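Q: below: sequence and its predicted model.
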Amino acid sequence: MRLADAALPHPLPPPELLAPAEMARADAAAIAAGVPGLTLMEHAGRAVARAAQRVFGPCRTLVLCGPGNNGGDGYVAARRLAEQGWPVTLAALAPPAPGTDAAAAAARWQGPVAGFDPAAAARAELVIDAVFGAGLSREVDGLAAATLAAARRVLAIDMPSGVDGASGAVRGAAPAAALTVTFFRLKPGHLLLPGRERCGETMLAPIGLPETVLETIRPRSFLNRPGLWRLPARDAAAHKYTSGLVTVLAGAEMTGAARLAAAAARRAGAGLVSIAAARGRGDVFRTTEPGVIVTEAALAELLADPRRGVFVCGPGLGVAAAEAALPPLLRAGRTIVADADALTACAGRPEALRGAAVLTPHAGEFARLFGPPAADRLAADRLAAARDAAARTGAVVVLKGSDSIIAAPDGRAAINACAPPSLATAGTGDVLAGIIAALLAAGMEPFAAAAAAVWLHGRAAALAGRGSGLIAEDLPAFLPAAWAEAERVAAPRAILAPSRRGRP
């Protein structure tokens, strides 16, 4: 499966993501339960060999092995391919430590051995990268980097050497693999940029780890996909108010932003959507879709209506207006999606947003909101930065991008991989804010609502197609189809907490 493809891979990969340290704990738990480590290594190497046979076919292959378990998987893969008649040569960066499973796997290799150098890699038609894997703890440079860089075509075991499995960051250098084969569960680095681009096509293979190991690990990172969450369903007694009322605060200048948010909220199932226009500016919005209610009532009047539970604050509102609106909204305990100007209004003081349900910054807004130390953290580790931001504000943070991260204050995080590059156009963030608001109004808890909205947003863009010609106005019309697809492929029971019924 190429995780960023528009088409959904079938079957969908499991939603749990395991960082390298968690994967090591899974291995240890399986071994403690009676599964020999060498058996796991044999299964992993066999899965790699099968993938090579299926994708590449017989060719001159060089297997580059490091001294750890990743190298051990490589020794097994080399032996399995040689048994199938492949011309395989092996090169070791360093021998495995005596007495380890990797040493036992290395002892079973009886084929040719080459020097670990760029010339050997350049001669091969396929290089299998079993040097370091996901649990890398240092920069890849020197001979290892030069040898991997010389390869014409790479199959990576677990993770291309140099890609941090926890963050997706490239440590020193990393090859661009045509195929990556990993085991049991994906890792965050398979989804996060730039690591995702270095993995090429990613295959997930079972190796005999029992599912019960997840009960002790209790993963906190997830692939964002149906089955992680379930969309709310209406019962026969539903009406527009039980389906959720969303109010979009609108500015006097950038009126299109509020229109986009309102259109998306309607298409995402909100029972009634209101645009709250500035005094004297209501007529600007009354030419929009006839199903949108337009009001010029003051914010205090709007807050006096207890049915108005969810507010979108920020898109096109203006920084001064957003700064004025946030305190009364927060004091009233309303469910707030804070985006765009609401984030800029709180630049350098993110605590001013405490009480909001969901924040939706892109990288620039994130840096302005949380300040230089957070911006530095963002550059090094987007997943950790998003988690820190959510803990600091008490809100779910949607860190937008091609690898959008949804982080909850309690440490849960979901990584999205279904957003096509065509979403990089003005107004698509306003659409996302409206989708989130609609799902909150339908009763989903903030983390699930934000994760589902990000997935629907990306899937709608994929269904719309149109490449670089996609515009934000195209997206709402494709939300019903994305919704229907999510309902078709979702697991019978979602991992996240089920939706509440009624207004938040």
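A: Sure, I can see it. Numbers count the residues shown, from 1 in each chain.
Q: low-confidence ranges, the stretch 251-400 of the chain, go.
A: 288 (pLDDT under 70).
Q: quick one, helices of it?
A: In the stretch 251-400 of the chain, the helices defined using DSSP state H, counting those that start in this stretch lie at 255-267, 282-285, 299-303, 319-331, 341-344, 363-370, 372-380, 382-393.
Q: quick one: closest of those to V76.
A: helix 382-393 (31.0 Å; Cβ to Cβ). Any C-beta I mention is one placed from the backbone N, CA and C, and that applies to glycine too.
Q: please name the nearest non-neighbouring residue to G469.
A: Spatially, and ignoring its direct neighbours in sequence, G469 is nearest to S422 (7.9 Å; Cβ to Cβ, 6 or more residues apart in numbering).
Q: quick one on the thing from earlier: including mean neighbour count and distance to A30, could the helices of the stretch 251-400 of the chain go into TSV?
A: Output for the helices of the stretch 251-400 of the chain, formatted as TSV (neighbours: other Cβ atoms under 10 Å; distance: least, Cβ to Cβ, whole Å):
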stretch	mean neighbour count	distance to A30
helix 255-267	27	44
helix 282-285	17	59
helix 299-303	15	55
helix 319-331	17	47
helix 341-344	25	44
helix 363-370	20	38
helix 372-380	14	32
helix 382-393	22	25
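Q: save those helices as a markdown table, and put in distance to D73 too.
A: What follows is those, written out as a markdown table (distance: least, Cβ to Cβ, whole Å):
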| stretch | distance to D73 |
| --- | --- |
| helix 255-267 | 45 |
| helix 282-285 | 60 |
| helix 299-303 | 60 |
| helix 319-331 | 52 |
| helix 341-344 | 45 |
| helix 363-370 | 36 |
| helix 372-380 | 28 |
| helix 382-393 | 25 |
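Q: can you report how many residues neighbour L463?
A: Per other Cβ atoms under 10 Å, the neighbour tally for L463 reads 18.
Q: any idea how far A261 is from it?
A: 20 Å (Cβ to Cβ, to the nearest Å).
Q: kindly report the same for E16.
A: 32 Å.
Q: so where do the helices sit in the stretch 401-504 of the chain?
A: With DSSP H, counting those that start in this stretch as the criterion, the stretch 401-504 of the chain has helices at 428-441, 446-464, 479-489.
Q: tell me which of these is the most buried.
A: Here the criterion is mean neighbour count by mean count of other Cβ atoms under 10 Å, and of the helices of the stretch 401-504 of the chain the winner is helix 428-441, at a mean of 31.
Q: what is the rounded mean pLDDT of that one?
A: For helix 428-441, the mean pLDDT works out to 98.
Q: got the angle between it and helix 479-489?
A: On the basis of axes from the mean of the first three to the mean of the last three Cα atoms, to 10 degrees, helix 428-441 is oriented at 60 degrees to helix 479-489.
Q: ok, back up a step: the residue nearest to G469 and A264, how far apart?
A: Counting by Cβ to Cβ, the gap from S422 to A264 is 16 Å.
Q: same question for G411.
A: Counting by Cβ to Cβ - G411 and A264 are separated by 29 Å.
Q: dump the residue contacts of the closest residue to A250 other than its chain neighbours.
A: Distances taken as Cβ to Cβ, 6+ apart place A258 nearest to A250, at 3.6 Å, with adjacent residues excluded. Counting by Cβ atoms under 8 Å, 6 or more residues apart in numbering, A258 touches V248, L249, A250, G251, I275, A277, F285, V312, P315, G316, L317, D430.
Q: count of residues packed around the first one?
A: Counted with other Cβ under 10 Å, the neighbours of V248 add up to 33.
Q: could you confirm it falls within a strand?
A: Yes - according to DSSP: H, G, I helix; E, B strand; the rest coil, V248 belongs to a strand.
Q: ok, back up a step: now the contacts of A258 as JSON lines including distance to P480?
A: Listed next are those as JSON lines, based on distance: Cβ to Cβ, whole Å:
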{"residue": "V248", "distance to P480": "20"}
{"residue": "L249", "distance to P480": "26"}
{"residue": "A250", "distance to P480": "25"}
{"residue": "G251", "distance to P480": "28"}
{"residue": "I275", "distance to P480": "21"}
{"residue": "A277", "distance to P480": "27"}
{"residue": "F285", "distance to P480": "23"}
{"residue": "V312", "distance to P480": "20"}
{"residue": "P315", "distance to P480": "22"}
{"residue": "G316", "distance to P480": "25"}
{"residue": "L317", "distance to P480": "28"}
{"residue": "D430", "distance to P480": "19"}
